[in-house]
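Asker: Build me a model:
(chains A, B and C, ligands or ions: 6)
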Amino acid sequence: MSPSNIYVPYLMEIETITEEAPEVRTFRLKFKNQEEGENFKFSAGQFAEYSVMGGGESTFCIASAPTRKGYLECTFRKTGRVTNALSKLEVGDTVGLRGPYGNVFPIEEWEGKNLLYIAGGIALPPMRCVIWNTIDKREKYKDITIVYGARTVNDLVYKNELKEWEERPDINLITTVDPGGQTPDWKGEVGFVPTIVDKVAPNAENTIAIVCGPPIMIKFTFPVLKKLGFSDENIFTTLENRMKCGFGKCGRCNVGKYYVCKDGPVFTLSELNKMPAEY
Amino acid sequence: MDNLRKKAKELLESKSVDLVIGYENGTNGKARAVFIKDPEKTGKLIYDERCKQNLAVYLNKHEVKHYGRIAIVAPLMVMRSILVLISECQVKQENITVLGIGNDGSFLDFQSMEVVEKYISKIPLGNPEPDQVIIDKLNAMTMEERREFWQNELERCFKCYACRAACPMCYCLRCTVECNQPQWISAPAHPLGNLEWHQLRTMHLTGRCVSCGDCGRACPLNIPIHLLTMQQAEEAFHMFGVRAGTSMKADSALSTYKPDDKENFIL
Amino acid sequence: MIPEKKIIDRVALDKLYESLKAAGNKMFAPVFRNEQTNFEYNPAATEISYSHIQTTQSVKNTVFPKIENLFRFESSQKSVELVQIDFTKVPRVIVWNAHPCDAAAFSALDSVFNWDYVDEIYNARREKLVVIGMSCIRADENCFCTSVDLGPGAVKGSDILLTPLANGKFIAEILTDLGKSIADENASLFTASNGENKEEVLAKVEKQFSHEKVTENLKNGFENSFWHEFSLRCIGCGACAYVCPICTCFDIQDESKAGKGRRLRCWDSCGFGMFTLHTSGHNPREVQSQRWRQRLMHKFSYQPDRNEFIGCVGCGRCSRACPVDMNILEQLVELEKLEIAAK
Ligand SMILES: Cc1cc2nc3c(=O)[nH]c(=O)nc-3n(C[C@H](O)[C@H](O)[C@H](O)COP(=O)(O)OP(=O)(O)OC[C@H]3O[C@@H](n4cnc5c(N)ncnc54)[C@H](O)[C@@H]3O)c2cc1C
Ligand code: SF4
Ligand code: SF4
Ligand code: SF4
Ligand code: SF4
Ligand code: FES
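Answerer: Residues are numbered from 1 along each chain as shown, chains lettered A, B, ... in the order given. Ligands and ions are numbered 1, 2, ... in the order given. Modelled structure (predicted):
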C-alpha cells in the first residue's frame, strides 16, 4: 500500500535494537514493503518523523548513512511521550516513518577539504550519518577529525563505532568527557568540548567544521572556531526546533522566515547570523 | 478617580513600586488593562463599570512579574484573587500594593494586605446575582437536562483556552490538558475531550474560584463557562464554610483538612 | 472567464439556496445563535442571517476543520494495519453568504497547503468548495480590508459575488466557471442586470495604513521594544488564531483505544506557551511578547516574503474575539508609524 497523503507513514519493522547509553537506543529499521524501501532516497543531514500508532510522532534524524543500503537507523533518547512509547517496542515490532525531510549537508562541495566534526552528547547521531557518508568516500576528503564529548563515559553513544574510528589510521578521533565524568581507566580527554577543541587547535585552512550538540556547547564552540580562523561559511550546524509536520505547513519550526524543517535543519553560521535568535 | 491617579503617581515617583497595573480606555469604547512605569502617564488610569477584567491574572505573567514591585488597581474580585495567589505562594505579599476600589467605585487606600483581609471580611460574598439565578435554574434541572445543557454548550468549545488564560487561578505551567505522560485528556476539541477538560478545570478551581466571571467573559464563543466554577464555589462554601480569597493563609477548601469537615459526599 | 452580471431578488435567492441544498450540496451559511453569528451546516433558508457585520468564527473549517483525521490504524501484537481515509468522498460544500475578506482568505490557505509539499487532504476539500460571497454594505471599526488590498466589494475568491441593493434585490456577479454552472442550472431565478452599480451601496471602509510600509518596518523590527510594550496585555490564549481565516498552525495527535485509533491534525496556536517548547525545557519563544511578535511577523513579514501573500484579510475577527482588547488594527497603524533604524 503506498501512502496516499503526505501524513501517512511507511511501515517499518524493527530489525535490531542497540542500547547505546542509559536511555539511549538505536533502532535498525527495515521497510515492510520492499518496493518502498528501494524508492526511498535520502542524504546526510535529513530527518524523518517516526511514530508508534497510538503513541504519536517524533522527529529524529536519519542516523545511518545513505551509502549503507537496505535499512535505516535512528537513535533516540527516552525523554517524552513518543520516545517512551518507542522504548517499549521490541524487535519485530512496527514503527511508522515519514520522510525524508529537510535539507542536506553539502558533502560534494566539501570534497578535497579537511573535515572537523564536533559533537556533544546525544548529538552524535545526526552527525553519524554524515561521518559515515564521508568515511565511505574516504578518498574524496583530506584529514577527518572527530571531537566527541559526553557528560560521562557512560553517556558516550555508538561505543562500537567509536572503537572502529579510533582504530582507523585515516581518522583522528578525540573523545572527551566532562570533568568528573571519567572512569579510572578512561584514556580520552577530560574537559568540555569547546575547551578540547581549543586545545587540539585544528588547522582552519581548507577545513569545514560541523558542530552538533546542546545549545550551550554550540554557543561556546563557535567563538573557539572563530579564534582558530574558521570563517562563518565553513562552520555548519543543525537546529532542532520543535516540529510536527516536517514539511512547512504546521507553523511550528520557523526561525524568522526560515522553516527549520524545509530550509534546515542544516545551516551555516553565516546563515544563522542572518536569522533572528529564536532557536 | 483623581485619588487613584494621585496615589499611583506618588507610588511611582517615590519608587515604592516599579509598575502600576490598572485600566485605561481601550479601542472602540472598551476599557482594558494598562501597564504604567512613568508617573506622568498615570493620568491614563480610569475606573468605571466597563472595567471588568480580573487584572490579577497579570501578577503571574512572566514579563509583568519581572518588573518587581507592583501596584494594582483592585476592585473586590482582584483583591480576592491576590489573596488566593499569596496563599498559594504565587506572589509575594511585599511585592504587591493594592489600589483598592470599593463597590461604589471609590478609591480605597489600603495600608497593608491585612487591611485588605479585614475589608473583605466585612463584605457579603457570593456569586453575582444574575449568574446565581442561572445556576439555581441549572440546579433545579434533572441530571439529564443538565447534562444536555452542558453538552450543548461545550460541544461548541474549540479549545482556545481563553477561559483558562483569563483566570488568575489558572496559572499552572503545564495544565492537565497538556500533560501527555500519561495523556489524561484528549487534546483535540471534540465533545468528549472538551467535557473532560472542562470538568477537570472546574475541579481544580473548586474552592479557589473568586466568582469574577472572567473565564466566561473571555470566551469568544459565549460559552457560560464561569457557571461551572461558580457553582463549585458555592458548593465548597456550603460544604466547608470557607470562601476563596478571604485570607492570605492557605485555607482553600480542597487543600486543607479539618477534623470537622463534612464527609457526607464520600460514599 | 469573463464575469457576468445578473440580478436576483430575495425570494429567488432563498429558492437558489434551497435548490442547491436539495441537490445534495452541504450548505455552510451564517446563523445567529448564542448572541453571535456563525456559519453552520445546512440551516434552513429562513435561519440565515443577512444582517450581521461579521461572523465570530471564520469559514476556514470547510477546508481546514478543527479536527481532521489523517488515517486510521489497527494494531495488534506484531501487526499494524493502516486504513486510508477516502478523501474523494468529501461532499461538495457551498459557502453561502461569506463576506469578501473570507472569500479572499482561501487563496492564502491554498498557498500554505501547496507551497512545496502538496497537502492532498486540504486540496480534496478545497476542490469541492464553492464560494458564494456577499459584499458588505456595513462595516465596523475593526474592519480594515481596504488596507490589505481588498475591499467590501472585492471579488477575489468568490465564484458568485452578491451585493444587496437598496431595493431588496441583489447584484450577482458570476465570476468563475463554477459560478456560471450554478447560475446556468438555475437560470430562471436570475434576471438581466440593468447597469446597477454596486459601488453606490458598499460600506465605506477607510484605508488605515500601508501594508507595504508595515512589511518594510518589520524587516528590521524584530528587536524593537514595540513587541514588549504592545503585548503586555496579551494573555496568550488561542482566540485570535482560532477565529482567524488564515491562521493554520496545527498539531498532530494520535487517539486510540485497544490498538485501534486514528492520527489526526487539530488546530493549534503559535500564541500558546507550549507551542515551541522542547522536551528538554528549552523554549525558543519563552515569553508572550515573542509569541505575539511571531503572529504579526508571520502575517506581515514572513508570509509576504516567502509566499507572496499577506497573512491577513482585515476581517477584524481577532480584535473582536480578543478578551483583553489586543486590537490588531491599532497595532498595525502603530507599526506603520514606527521609526526603525535600518540595520
Ligand atoms: C531535525 C531534528 C532532529 C532530531 N534528531 C534527534 C535524534 O536523532 N535523536 C533524538 O533523540 N532526538 C532528536 N531530536 C529531538 C527529538 O525530536 C525530541 O527530543 C523528541 O521529539 C522528544 O519526543 P517525545 O515525543 O518523546 O517528547 P514529548 O515531550 O512528549 O514531545 C512531544 C512532541 O514535542 C516535539 N518535541 C519535543 N521536544 C523537541 C525537540 N527538542 N525538538 C523537536 N521537537 C520536539 C515532538 O514533535 C513531539 O511530537 C531531533 C529534533 C529535530 C527537530
Ligand atoms: S470566575 Fe472563572 S476566571 Fe474568575 S476566578 Fe472563577 S474560574 Fe477563574
Ligand atoms: S474560552 Fe470558550 S471556546 Fe475557548 S476553551 Fe474556554 S470554553 Fe472553550
Ligand atoms: S489577523 Fe485578524 S484581522 Fe487579519 S485575517 Fe486574521 S482574524 Fe482577520
Ligand atoms: S491577542 Fe488576545 S486573543 Fe490573541 S492570544 Fe493575546 S489575549 Fe488571546
Ligand atoms: S515542522 Fe511543521 S512547519 Fe516545520
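
Asker: so how far is the first residue of stretch A:160-180 from its last?
Answerer: Terminal residues of stretch A:160-180 are spaced 23 Å apart (Cα to Cα, to the nearest Å).

Asker: Quick one: residues in contact with it.
Answerer: A:128, A:131, A:135, A:138, A:143-153, A:155-156, A:186, A:188-193, A:196, A:200 (Cβ atoms under 8 Å, 6 or more residues apart in numbering or on different chains). C-beta here means a position set from N, CA and C on the backbone, and glycine is covered the same way.

Asker: Could you find the closest non-adjacent residue to the residue of the stretch 101-250 of chain B found nearest ligand 6?
Answerer: Nearest to ligand 6 in the stretch 101-250 of chain B, going by Cβ to the nearest ligand atom, is residue B:187, at a distance of 16.5 Å. Leaving aside its chain neighbours, residue B:187 sits nearest to residue C:253 (5.3 Å; criterion: Cβ to Cβ, 6 or more residues apart in numbering or on different chains).

Asker: give the contact list for the one you found.
Answerer: A:56, B:186-188, C:263-266.

Asker: What residue spans form the domains of the chain?
Answerer: All of this is about chain A. A:10-101, A:114-238 (automatic domain parsing).

Asker: that's the wrong chain, I wanted chain C
Answerer: Domain segmentation of chain C under automatic domain parsing yields C:4-200, C:211-337.

Asker: what separates the shortest one from the chain centre, distance-wise?
Answerer: The gap between where domain C:211-337 is centred and where its chain is centred comes out at 15 Å by Cα atoms, centre = their mean, to the nearest Å.

Asker: Next: stretch C:26-34.
Answerer: 15 Å.

Asker: is any part of the helix or strand hosting residue B:236 close to ligand 3?
Answerer: Per DSSP states H and E: residue B:236 is located in helix B:226-240. No. Using Cβ under 6 Å from any ligand atom, helix B:226-240 stays clear of ligand 3, with a minimum separation of 9.6 Å.

Asker: Now do the same for residue B:32: helix, strand or coil?
Answerer: Under DSSP: H, G, I helix; E, B strand; the rest coil, residue B:32 falls in the strand class.

Asker: residues in contact with it?
Answerer: Contacts of residue B:32 (Cβ under 8 Å, 6+ apart): B:23-26, B:53, C:233, C:324-325.

Asker: Mind checking which of the residues you listed are buried?
Answerer: B:23-24, B:26, B:53, C:233, C:324-325 (16 or more other Cβ atoms under 10 Å in any protein chain shown).

Asker: Return the closest of the residues you listed with respect to residue C:182.
Answerer: Relative to residue C:182, the closest of the buried ones among the contacts of residue B:32 is residue C:325; by Cβ to Cβ it sits at 41.1 Å.

Asker: mind checking how far the closest one is from residue C:34?
Answerer: Applying Cβ to Cβ, to the nearest Å, the value for residue C:325 to residue C:34 is 22 Å.

Asker: what do you get for residue B:149?
Answerer: In terms of Cβ to Cβ, residue B:149 sits 13 Å off from residue C:34.

Asker: Next: residue C:322.
Answerer: The value you get for residue C:322 to residue C:34, if Cβ to Cβ is used, is 18 Å.

Asker: Please apply the same query to residue C:144.
Answerer: From residue C:144 over to residue C:34 (counting by Cβ to Cβ), the distance is 26 Å.

Asker: In terms of packing, which of the two has more residues around it?
Answerer: Taking neighbours as other Cβ atoms under 10 Å in any protein chain shown, residue C:144 and residue C:34 compare with residue C:144 leading, 26 against 15.

Asker: so what pLDDT did the more buried one get?
Answerer: Note on residue C:144: pLDDT of 97.

Asker: Next step: the contacts of residue B:32 restricted to strands.
Answerer: Residues of the contacts of residue B:32 located in strands (DSSP state E): B:23-25.

Asker: re earlier: near ligand 5, list only the ones from the buried ones among the contacts of residue B:32.
Answerer: Answer for these near ligand 5 (Cβ under 6 Å from any ligand atom): residue C:324.

Asker: what about the helices in chain C?
Answerer: Assigned by DSSP state H, the helices in chain C fall at C:10-22, C:100-114, C:120-127, C:177-185, C:211-219, C:226-231, C:239-243, C:288-297, C:303-307, C:317-321, C:328-337.

Asker: For chain B, tell me whether stretch C:53-61 is touching it.
Answerer: Yes. Residues of stretch C:53-61 contacting chain B under Cβ under 8 Å from any Cβ of the partner chain: C:56-57.

Asker: Any idea what residue C:98 is bridged to?
Answerer: Beta bridges link residue C:98 to residue C:133, judged by DSSP bridges.

Asker: count of residues packed around it?
Answerer: 27.

Asker: what does residue C:65 give?
Answerer: 15.

Asker: Quick check: phi and psi on it?
Answerer: phi -60, psi 160 (degrees, to the nearest 10).

Asker: how much space between it and residue C:337?
Answerer: Counting by Cβ to Cβ, the gap from residue C:65 to residue C:337 is 39 Å.

Asker: end-to-end on stretch A:148-158?
Answerer: 11 Å.

Asker: name the element residue A:173 belongs to?
Answerer: Going by DSSP H and E, residue A:173 is in strand A:172-177.

Asker: Name the next helix or strand downstream of that strand, please.
Answerer: strand A:189-190.

Asker: now that following strand: mean pLDDT?
Answerer: Strand A:189-190 carries an average pLDDT of 90.

Asker: One more: stretch B:110-118?
Answerer: 93.

Asker: any idea how far it is from the chain center?
Answerer: Worked out by Cα atoms, centre = their mean, stretch B:110-118 lies 19 Å from the chain centre.

Asker: okay but residue C:163 is in contact with residue C:169, surely?
Answerer: No. Between residue C:163 and residue C:169 there is no contact under Cβ atoms under 8 Å: 9.7 Å.

Asker: quick one: which of those two has more around it?
Answerer: A count of neighbours by other Cβ under 10 Å puts residue C:163 above the other of residue C:163 and residue C:169, at 25 against 19.

Asker: give the contact list for that one.
Answerer: Neighbours of residue C:163 in contact, by Cβ under 8 Å, 6+ apart: C:134-135, C:137, C:153, C:170-171, C:173, C:198, C:201-202.
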